[in-house]
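[1] what follows is a predicted structure for the sequence shown.
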Amino acid sequence: MDILISPLVNMLLLLYGILGHSFVLAIIVATILIRMITLPLTLPQQRNSRKMAELAPQLEELKKKYGNDRNKFAQAQMELYKENKINMFGGCLPLILQLVIMIAFYQALTGSLATNPLQLQTLSHRVLPIFVPLIPIDPYFLIYDLGLPGILPAVEQNVSPIVAQLLVFILPALVVATTYLSQKLMTPPSGDPSQASMTKQMNIIMPMMFGLFALQFASGLSIYFIVSNVVGAVQSWLMNRRWQKKPVLALAAPAAPTSKASKKIAPPDEMPASSSKASKKIAPPADNPASSSKASKKIAPPANDNGQSNSGTDKSED
Amino acid sequence: MIRFIARRWLLIVSLVALPFLVAACGGPPPVTSWPGYVIQEDTAYLASSNQLSAVNIGGDTAGVQLVGWPVPSPNASLGYYAMPALAEDGKTLYVGTEQMNGNSGQVQAWVNIERGTQTAPSLKWTYPHTTTDYIPGNIYGAVVLDNGVLYFGDGKGSVFALNAEDGRPYWPQPAHTKARIWSSVVVDDQNVYAASQDHSLYAFNRRNGNQVWQFPNDGTNIDALVGSPTIYDGTVYVGSFGGILYAVDAASGQLKWSFKAEGGLWDGPAMADGTLYFGDQAGNVYALDATTGQNTKWSVKVEGGVKMTPLVDNGIVYVGTDRPRLYAFKADTGQAVWTEPYKARDGESLLVTPQVYSTTLAVLPNLAGANPTRLIGVNKNTGKELWLYPARQP
């Protein structure tokens, strides 16, 4: 972990020096830089989710076909994902790496601010000599000490307990709101009911968890969360707009033999082990309005929140 | 369905575990306490974490705790980070506190300190007394007792003076600097000197707290002053985080000389026979002429960085490092006295100046992890360990 923390500490100090000794600006710029650096990790993850959403109608068909036979459904689902190059576990590694970066950033943030002598002792081993004159860093931003949770004691003393509590909740509330927004934009609605239910729960649990972190940990971490979420939300919004015009599956496999793929859905036990052949047989049944022969040749649009197909995609395709 | 529920639970459990990961993983700090202690005859009074304790350091029962008493409830979030001070009669112990994960200090006065007693002392007073009194920052430096007045700085940059008898403010209002004070103040007949992290050394009138001077005052910028200054013969010595030792005239605040060390400096030097002894964080120990600051009498390399003010006793300089080793050098030549330095346990740091009782050096290491406060008795002539508090488990 030290291999990440020390460069982050020195990056924060460098930005602090450049940005007029404002640590909050240093955190904001560092967060944006981190988001840019980790873009190659987050973008494929987002693309993966989008692909899954775009395949929702096909999945729905598979579900109808296999009814309660979950094993056969799962096998057919895997084949469909494989055919469309969706890595079921593709989201894990970027998530773990982002988690590691978040932990390292938190350690770097509190370490740079060194809110007690022990932390300063550790900082003295990490900081490059050219940054020594910048120490100690001014940790104050509005009513916060960025290295500590809550608000400044001086502010707390001068307001009523209720107002103090309300002030304490400002940053966590912003964290909750931006996490929700970012999550909502990042995870496209899924046609798979279990997946959709999971997504719905995650969209509630994640903001709450991050809100809890914001209450417990240094307020500088809340700034990191907020900026990271806003950047993530903007990124998702831009990508969603782009993908609404040109769906990911179309971008990923423009020459994919979709006409062949839509011929027939074969039961998994009839399928040969080779996925390439098996996947060609997957097609929605003709009685489904969303999967007319024309629709099945095209990439199906993802369902929106109400489970309806996305008309925007249809328009763009037309 | 079972797999789905299991997956969901795994996710929720992982999320709950996340804050613990954030808190526990990675970097700082290898040590979790910076305890303080004061010695009176054969008893050491320790202040560490959320407990005060009296430990016997002499005779057959050296290393045995006489009594320990916790932070009085309901202040469970308070901890001890500062060096305590004993009243001249040895009956009252004064100590400052920190608020864990927060910022707010308190000074406590414990009475009925009796040598050898196993009865916990009782709390005579605490400051702040009322909700209108307020110490905005944690107290990390020593509470210094001088002529019945307690002087100390806080983590928000204020300097306080309290009447030791009843804990009431001695100055009309606290003195202020512009940044945190984590070090101990020093006091002479005229002033109280405080090193602030606003990159300045301050002198305040000891009777009323009015600022007398600020160093530097010519617009020059020096590095942060993190450690405690020391004062000898009308000169205040303070080291900077950037590695410069400043000798400042106590009366006028004018710079007498400065010395550039290889590494950053923490606590100020010790002085004996016109020579200053100090170490830096690059692992050097210096003996420097106190009058001019120009002639290095000797310097030696040690393993680990030095943050403590060395102890000079009977011509021997004792100095500890964060590695954690304790060295003994002849004050006049810098020659090692022991065959090898004393080595404390892995994960510990020696950051607090050792103290002498008879032929024993009492050494207080900072500890890694959640270990209890440790005190070590080291033979000052040989560097061998004599006893350990708490005693090693069989």
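    Nice, thanks for sending it over.
[2] next, count neighbours for A:Ala196.
    Number of residues near A:Ala196 (other Cβ atoms under 10 Å in any protein chain shown) recorded here: 18. Heads up, the C-betas are built off the backbone N, CA and C, glycines and all.
[3] kindly report the same for A:Ser236.
    The local packing of A:Ser236 (other Cβ under 10 Å) involves 22 other residues.
[4] what about the strands in chain A?
    Counting by DSSP state E, the segments of chain A that form strands are A:140-141, A:144-145.
[5] ranking those strands by burial, who's on top?
    Across the strands of chain A, the average number of neighbours (mean count of other Cβ atoms under 10 Å in any protein chain shown) peaks for strand A:144-145, which reaches a mean of 23.
[6] show the pLDDT at A:Ala253.
    Model confidence at A:Ala253, given as pLDDT, is 52.
[7] hang on, the earlier thing: arrange the strands of chain A in JSON lines, one row each, with distance to chain B and mean pLDDT as further columns.
    Converted to JSON lines, the strands of chain A look like this (distance: least, Cβ to the nearest Cβ, whole Å; pLDDT from 0 to 100):
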{"stretch": "strand A:140-141", "distance to chain B": "10", "mean pLDDT": "88"}
{"stretch": "strand A:144-145", "distance to chain B": "7", "mean pLDDT": "86"}
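[8] output these as a markdown table; include the columns distance to B:Ile222.
    Formatted as a markdown table, the strands of chain A follow (distance: least, Cβ to Cβ, whole Å):
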| stretch | distance to B:Ile222 |
| --- | --- |
| strand A:140-141 | 22 |
| strand A:144-145 | 24 |
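[9] between those strands, which gets nearest to B:Gln173?
    Nearest to B:Gln173 among the strands of chain A is strand A:140-141; the distance by Cβ to Cβ comes to 21.9 Å.
[10] what strands flank that closest one, and is each parallel or antiparallel?
    Strand A:140-141 sits in its sheet next to strand A:144-145 (antiparallel), going by DSSP bridges.
[11] residue of the stretch 151-300 of chain A closest to chain B, please.
    Closest approach between the stretch 151-300 of chain A and chain B, counting by Cβ to the nearest Cβ: A:Met209, at 4.9 Å.
[12] picking that back up, what's the closest of the strands of chain A to A:Lys72?
    Closest to A:Lys72 of the strands of chain A, according to Cβ to Cβ: strand A:144-145, at 55.6 Å.
[13] give me the contact list for that closest one.
    Strand A:144-145 is contacted by residues A:Thr115, A:Pro139, A:Ile151, A:Leu152, A:Leu171, A:Ser219, B:Asn103 when judged by Cβ atoms under 8 Å, 6 or more residues apart in numbering or on different chains.
[14] quick one, helices of chain B?
    Secondary structure of chain B (DSSP state H): helices located at B:2-24.
[15] flag the helix or strand of it with the lowest per-element mean pLDDT.
    Taking mean pLDDT, DSSP states H and E as the measure, chain B has helix B:2-24 as its least confident helix or strand, at a mean of 58.
[16] for chain A, same thing?
    Min over SSEs of chain A, mean pLDDT, DSSP H and E: helix A:311-317 (a mean of 35).
[17] give me the residue from chain A nearest chain B.
    Minimum separation of chain A from chain B (Cβ to the nearest Cβ) falls at A:Met1, amounting to 3.3 Å.
[18] so for that residue, what's the pLDDT?
    Listed pLDDT for A:Met1 reads 71.
[19] distance of it relative to A:Pro7?
    Distance of A:Met1 to A:Pro7, given as Cβ to Cβ, to the nearest Å: 12 Å.
[20] what sits against B:Tyr81?
    A:116-117, B:33-36, B:47, B:96-98, B:138-140 are the contacts of B:Tyr81 under Cβ under 8 Å, 6+ apart.
[21] and those as JSON lines, adding pLDDT, distance to B:Leu364 and neighbour count?
    Formatted as JSON lines, the contacts of B:Tyr81 follow (pLDDT from 0 to 100; distance: Cβ to Cβ, whole Å; neighbours: other Cβ atoms under 10 Å in any protein chain shown):
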{"residue": "A:Asn116", "pLDDT": "84", "distance to B:Leu364": "18", "neighbour count": "22"}
{"residue": "A:Pro117", "pLDDT": "86", "distance to B:Leu364": "15", "neighbour count": "23"}
{"residue": "B:Ser33", "pLDDT": "66", "distance to B:Leu364": "10", "neighbour count": "24"}
{"residue": "B:Trp34", "pLDDT": "80", "distance to B:Leu364": "10", "neighbour count": "25"}
{"residue": "B:Pro35", "pLDDT": "86", "distance to B:Leu364": "6", "neighbour count": "24"}
{"residue": "B:Gly36", "pLDDT": "90", "distance to B:Leu364": "8", "neighbour count": "24"}
{"residue": "B:Ala47", "pLDDT": "91", "distance to B:Leu364": "10", "neighbour count": "26"}
{"residue": "B:Gly96", "pLDDT": "93", "distance to B:Leu364": "17", "neighbour count": "29"}
{"residue": "B:Thr97", "pLDDT": "90", "distance to B:Leu364": "18", "neighbour count": "24"}
{"residue": "B:Glu98", "pLDDT": "86", "distance to B:Leu364": "17", "neighbour count": "24"}
{"residue": "B:Asn138", "pLDDT": "90", "distance to B:Leu364": "20", "neighbour count": "28"}
{"residue": "B:Ile139", "pLDDT": "92", "distance to B:Leu364": "18", "neighbour count": "28"}
{"residue": "B:Tyr140", "pLDDT": "92", "distance to B:Leu364": "15", "neighbour count": "25"}
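[22] now render the residues you listed as TSV, adding distance to A:Ala30.
    Output for the contacts of B:Tyr81, formatted as TSV (distance: Cβ to Cβ, whole Å):
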residue	distance to A:Ala30
A:Asn116	22
A:Pro117	25
B:Ser33	31
B:Trp34	29
B:Pro35	35
B:Gly36	36
B:Ala47	38
B:Gly96	35
B:Thr97	34
B:Glu98	29
B:Asn138	27
B:Ile139	32
B:Tyr140	28
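[23] now flag whichever of the residues you listed is closest to A:Gln165.
    Using Cβ to Cβ, B:Asn138 comes nearest to A:Gln165 of the contacts of B:Tyr81, at 22.5 Å.
[24] the closest one: what's its closest spatial neighbour, skipping adjacent residues?
    Leaving aside its sequence neighbours, B:Asn138 sits nearest to B:Glu98 (Cβ to Cβ, 6 or more residues apart in numbering or on different chains; 3.6 Å).
[25] isn't the one you found right up against B:Tyr80?
    Yes: contact status for B:Glu98 versus B:Tyr80: in contact at 7.5 Å, counting by Cβ atoms under 8 Å.
[26] now, the contacts of strand A:144-145 that are in helices?
    Within those, residues falling in helices by DSSP H are A:Leu171, A:Ser219.
[27] ok, of the contacts of strand A:144-145, which come out buried?
    Applying 16 or more other Cβ atoms under 10 Å in any protein chain shown to the contacts of strand A:144-145, the neighbour count classes A:Thr115, A:Pro139, A:Ile151, A:Leu152, A:Leu171, A:Ser219, B:Asn103 as buried.
[28] got phi/psi on the third one?
    Reported as degrees, to the nearest 10, the phi and psi values for A:Ile151 are phi -110, psi 170.
[29] where does it land on pLDDT?
    Model confidence at A:Ile151, given as pLDDT, is 84.
[30] and the nearest residue to B:Gln294 once chain neighbours are set aside, what are its bridge partners?
    Nearest non-adjacent residue to B:Gln294, counting by Cβ to Cβ, 6+ apart: B:Trp257, 7.2 Å away. Counting by DSSP bridges, B:Trp257 forms beta bridges with B:Ala247.
[31] all set now, cheers.
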